[in-house]
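Enquirer: Got a sequence here, can you model it:
(2 chains, ligands or ions: 1)
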Amino acid sequence: MRRLPDRGRVDHGHRVSFSWDGRTVEGLRGDTLASALLANGIRVLGSSVLMSRPRGVVGDGVSDPHAFAQVGAGDATEPLMRMHQVETHDGLAAASRIHQGILPTGADPDRFEKRHAHCDVLVAGGGPAGLAAALAAAEQGARVILVDDHPGLGGAVLGEDLILDDEPADHWVRHAEERLRANPDVTVLTRTTVFNVGDQGAVALMERVSEHVPADRRHGRALRRLWQVRTHQLVVATGATERPLVFADNDRPGVMLAGGVRGLLHRYGLVPDRCVVFTTNDSAYRTAIDLIGAGVEVPCVVDVRPDPSGPLVRRARDLGIEVRTASAVIATDPDAEGALAGVRIVGLDGGAEEAVACDVLAVSGGWDPLMDLHHHVGGQARWDAEQLCFVPEGTVDGLRLAGAAAGVFGTAACRRDGHLVGLVAAEATGFGSAADGPAAPAAEEDHAGAPADFVVVPGTDPVHAFVDQHRDVTIAGVERALGSGLHHVEHLKRYTLVGTGTEQGRTAKVNAGRMAADRFGLPFAEVGVSNARPPAQPVTFGALAGRALGARFDPVRTTSIHPWHVAHGAVFEDVGQWKRPWFFPQGAEDMDAAVLRECAAVREAVGMMDASTLGKIDVKGADAGAFLDRLYTGVMSTLKPGRARYGVMCKADGMVMDDGVVLRLADDRFLVTTTTGGAAGVLDWMEDFLQTEWPDLDVWLTSVTEQWATVAVVGPRSRDVMASLAPDLDATQDAFKFMQVEEAVVAGMAARVARISFSGELAFEISVPMTWGLALWEAVFAAGQPFGITPYGTESMHVLRAEKGYFIVGQETDGTVTPLDLGLDWMVADKEFVGRRSLRRSDMLRDDRKQLVGILPAERLPEGAQLVEDADFEIPVPMIGHVTSSYDSAALGRPFGLALVRKGRDRIGETIYAPLADRTVAVEIVDPVIFDQEGARRDG
Amino acid sequence: MFQIRCPYCGPRDEPEFKYGGQAHVAYPSDPEALSDEEWARFLFFRDNSKGRYAERWNHAAGCRRWFNVIRDTGTHELVGSYRVGEQPADAR
Ligand SMILES: [Zn+2]
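Expert: Okay, the predicted model is just below:
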């Protein structure tokens, strides 16, 4: 196509330079990537996805099935960008990739952001209907957001030569925009797309904030902004999209939609050299009329109707344009690169085929209302047999359609409809009364002739006639699917991929459905078209993520002691959102070496661990003890203040949910500790029962996890460390027994000290307010130096507890393990608690359940290794269990582990086997308590 | 994304809430008196109906209160909310 120097809305005096497939191309300010390429004579955008056929620009909007390109360089590159939306600017880098893009491999250097907003009426679409709706609703007092995906408002007015109120329609658009922008309760968002409508007026918008300006002029602004708007009413005024016709080689670059050809003229000043028009309706005559007015040669309008007679037809004839009635284009001829060089015209009543040379064929098979947003919320459609298109059937609560999207055609009629819908939307929101609102502007009657019900040109070669150009689906492809018995359009869609493209097949779906209806002799209304799904337009993941990337993706929780761990080279493990020291390597130690050293130190001298991440819940009230009795398998109400007890809780299904030590601080106050990862879930669980099952109980729950730092001092020399740290605390065995809690001054700080052990060793857990945690830790470390105190991490903690047969929730348990499976029969009290009834369900009483055992394998096994009965087996072989924990033990001088094994307790002393990829390892089953079975070390 | 009316805080966006399944399924007052089948019905069986459905929500990132919502599972219409201890008829 060529550019006329005085037409279009581009800035003819301002050239921009960008790259296309590596070569430098010039465009004008105001050009899109599509228009700039066409202005440079680039007709072939790329080749099609399956058949590698040349493809070019088809329309001037986002329904275009081919106008996609790779945009941006390096890790900023984005695939499948809509070429009619990409605005050219200096430095833009784009490449031909119309159907399959390239994803960047590195992190996206672009910045995206999010914004939330509320309004009474959100209007999608800034054409005559949307502008009128926004104006009417705003005048009634509603807060309005008007959204349009173009750089400027006006919608179809920008791409046509239209008259409103006896003036160019532009004048009314500018006037409407001024009034809207002057209203402080109206937000106008251009370059913004409504891509999703959810429940209760949740609308998602994508705003192109700075992608249309060169990177060096973005000044830190986000590339795009995701708007999450909650609106009371949504007015969908998204217009209509034109439907192509089906004939041989209808996919050649140069075969375009008639409205798209007008849009290229009126928006960008682009015209063909010679243009044939092929239509089933009056609207395409505008293309012939506008092109003649621009000095373009129009050899003929080919109209399938025998007697077209509307006003536009008369005007075309008055201008001397030849109208070939009852005729059709049946095929096209290529030029050297496969683009359009001419068309073959046939009479529908017979007669010879005639070749007419042209570089553009402007096609119109009618107009389809764009109702995607209506469909997103379950809106229905019906076939309008007069207008020959699907129109909305009824409305979904809170969503109204206006203008062409509602099946109302004509500029004045759309404006009138928008005004009326805007009033109704405002009234529904509580603003004014539609009946008493400002009078609707008049709309003259539409005298257009009836369109023809026509899709496929009779006698067309089915192998080269495309129904869905984006997906390369031909008549032959559709017929093959229909012949295979796929009767439903949704099945046809899945089989052929008709309508599944990046542009959602907006130009293909109606024709495909129509062909299915014809084939089965069914009314089209019954067959319908496949459904539109969100997002209405492709959305970059980066824009959905916004700034929630890297460190902002998820909160990172650290204790007040964390800086010390970092300074001393800890390797960290993520436990939920917490960063916990995994181990503290010294020198060139690897994890195994560090863990052996740490464990040996705890067993032989003294170690220290940051236990601050354990969940802590303050349970207060007169009924606190009774409340805990109902949740734990054991009894907590009999605990004396100043004492602690270990507890396990189950889900209602009897499976272990969490465990921890419960401290009674006072008659009416307990401190419950939970696993690090389970804290929030346990608090939720407690709140649920308290609020919904036992609201009569006097109990108050408070999470205090982050209020207390806890340092565990563990090992045979821990009492010596305590004596140094807290000289006023009598830590002798007689004065300070296992599971006793004391208030004491430790290193000058008011502290709570508890004799709790998760290693089997003599141990003291010291808790102080979180802000003092680091001071406490440093004091413990200093006081422990004479005894060789060794900081240790979660891995050593795991090894030490496993040597004692202590399970870990989530490691030994997986939601299918009961307290009885773990051998905790002694902890299941004879009283009611949540989940108790489940423990005698028939499946729980089976004698072949998996039970917790200790294992002594011949070599260290991978955790998760399956266990079998015999060394010699043939596959398939029954699995009788699996390894849940597996470590090397410094104390035992050998590998060991824990496992869940069928009838495990009966098998103690037996040898079973772990088949690995290339060998089978013998595994001796032992009691879960492997180290210090008599418990002699607990009291030092 | 739903907009849910917390009976204590008013309408808020769905991400502030946690779902709690079907409402009015009380923990049995005397579980030991139930047969295995009766207990299994309480544990594992819930209605999965089309239309108005009473369900539990917790305003987890707000007041942390549990309450009930009537939702139409066919249309996603949130018909109303009511407090624990109230009946569906109290929904508004
Ligand atoms: Zn609330």
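
Enquirer: C-alpha only now, for contacts and for neighbours.
Expert: Noted.

Enquirer: could you pull out the strands for the stretch 451-600 of chain A?
Expert: Assigned by DSSP state E, counting those that start in this stretch, the strands in the stretch 451-600 of chain A fall at A:466-468, A:473-474, A:571-575, A:578-583.

Enquirer: I'd like these laid out as a markdown table, including mean neighbour count.
Expert: Putting the strands of the stretch 451-600 of chain A into a markdown table (neighbours: other CA atoms under 10 Å in any protein chain shown) gives the following:
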| stretch | mean neighbour count |
| --- | --- |
| strand A:466-468 | 29 |
| strand A:473-474 | 24 |
| strand A:571-575 | 16 |
| strand A:578-583 | 21 |
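
Enquirer: In chain A, which residue sits closest to chain B?
Expert: At 5.3 Å from chain B, residue A:199 is the closest residue in chain A, using CA to the nearest CA.

Enquirer: Give the full set of residues in contact with the closest residue to the ion within the stretch 301-450 of chain A.
Expert: In the stretch 301-450 of chain A, the residue that lies nearest the ion is residue A:429 (24.3 Å; CA to the ion). Counting by CA atoms under 8 Å, 6 or more residues apart in numbering or on different chains, residue A:429 touches A:120, A:121, A:142, A:232, A:233.

Enquirer: could you say which helix or strand contains residue A:672?
Expert: Using DSSP states H and E, residue A:672 maps to strand A:669-674.

Enquirer: Which elements pack onto that strand?
Expert: strand A:615-620, helix A:624-631, strand A:656-666 (3 or more CA pairs under 8 Å, 6 or more residues apart in numbering or on different chains; DSSP states H and E).

Enquirer: Other residues contacting the last one?
Expert: By that I understand strand A:656-666. A:636, A:639-651, A:670-675, A:678, A:682, A:741, A:809, A:813, A:815-819.

Enquirer: Can you check what angle separates it from strand A:669-674?
Expert: Going by axes from the mean of the first three to the mean of the last three CA atoms, to 10 degrees, strand A:656-666 is angled at 150 degrees with respect to strand A:669-674.

Enquirer: So which bits of strand A:656-666 are buried?
Expert: Neighbour-count burial for strand A:656-666, counted by 16 or more other CA atoms under 10 Å in any protein chain shown, picks out A:656, A:657, A:658, A:659, A:660, A:661, A:662, A:663, A:664, A:665.

Enquirer: In space, what's closest to the fourth one - neighbours in sequence excluded?
Expert: Ranked by CA to CA, 6 or more residues apart in numbering or on different chains and with sequence neighbours excluded, the top spatial neighbour of residue A:659 is residue A:648, at 4.3 Å.

Enquirer: Is it possible to get CSV of the helices and strands packed on strand A:669-674 that adds distance to residue A:583 and mean pLDDT?
Expert: Listed next are the helices and strands packed on strand A:669-674 as CSV, based on distance: least, CA to CA, whole Å; pLDDT from 0 to 100:
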stretch, distance to residue A:583, mean pLDDT
strand A:615-620, 21, 98
helix A:624-631, 34, 98
strand A:656-666, 23, 98
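
Enquirer: And the strands in chain B?
Expert: With DSSP state E, the ranges of strands along chain B come out as B:3-6, B:10-13, B:18-22, B:52-58, B:66-72, B:78-83.

Enquirer: nearest to residue B:44, of those?
Expert: With CA to CA, the closest approach to residue B:44 among the strands of chain B belongs to strand B:18-22: 11.7 Å.

Enquirer: Show me what the mean pLDDT comes to for that closest one.
Expert: Strand B:18-22 shows a mean pLDDT of 96.

Enquirer: Also stretch B:53-71?
Expert: Mean predicted lDDT for stretch B:53-71 stands at 96.

Enquirer: Specify the next element, helix or strand, located C-terminal of the helix or strand harbouring residue A:174.
Expert: Assigned by DSSP H and E, residue A:174 falls within helix A:169-182. Sequence-wise, the next helix or strand downstream of helix A:169-182 (DSSP H and E) is strand A:186-189.

Enquirer: Would you mind pulling up the elements that that next one packs against?
Expert: Using 3+ CA pairs under 8 Å, 6+ apart, strand A:186-189 sits against strand A:144-147, helix A:169-182.

Enquirer: ok, the shortest one: who's next to it in the sheet?
Expert: Think strand A:144-147. Strand A:144-147 has its sheet partners listed here by DSSP bridges as strand A:112-124 (parallel), strand A:186-189 (parallel).

Enquirer: Now render these as a markdown table, adding mean neighbour count and mean pLDDT.
Expert: Listed next are the strands paired with strand A:144-147 as a markdown table, based on neighbours: other CA atoms under 10 Å in any protein chain shown; pLDDT from 0 to 100:
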| stretch | mean neighbour count | mean pLDDT |
| --- | --- | --- |
| strand A:112-124 | 22 | 97 |
| strand A:186-189 | 20 | 98 |
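
Enquirer: mind giving me a markdown table with these and columns for distance to residue A:419?
Expert: Output for the strands paired with strand A:144-147, formatted as a markdown table (distance: least, CA to CA, whole Å):
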| stretch | distance to residue A:419 |
| --- | --- |
| strand A:112-124 | 12 |
| strand A:186-189 | 16 |
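
Enquirer: For the ion, which of those is the nearest?
Expert: strand A:112-124 (19.5 Å).

Enquirer: burial of residue 48, as a residue count?
Expert: Since no chain was named, I'll use chain A. The number of residues packed near residue A:48 is 21, by other CA atoms under 10 Å in any protein chain shown.

Enquirer: looking at chain B here, not the other one
Expert: Residue B:48: 9 neighbours (other CA under 10 Å).
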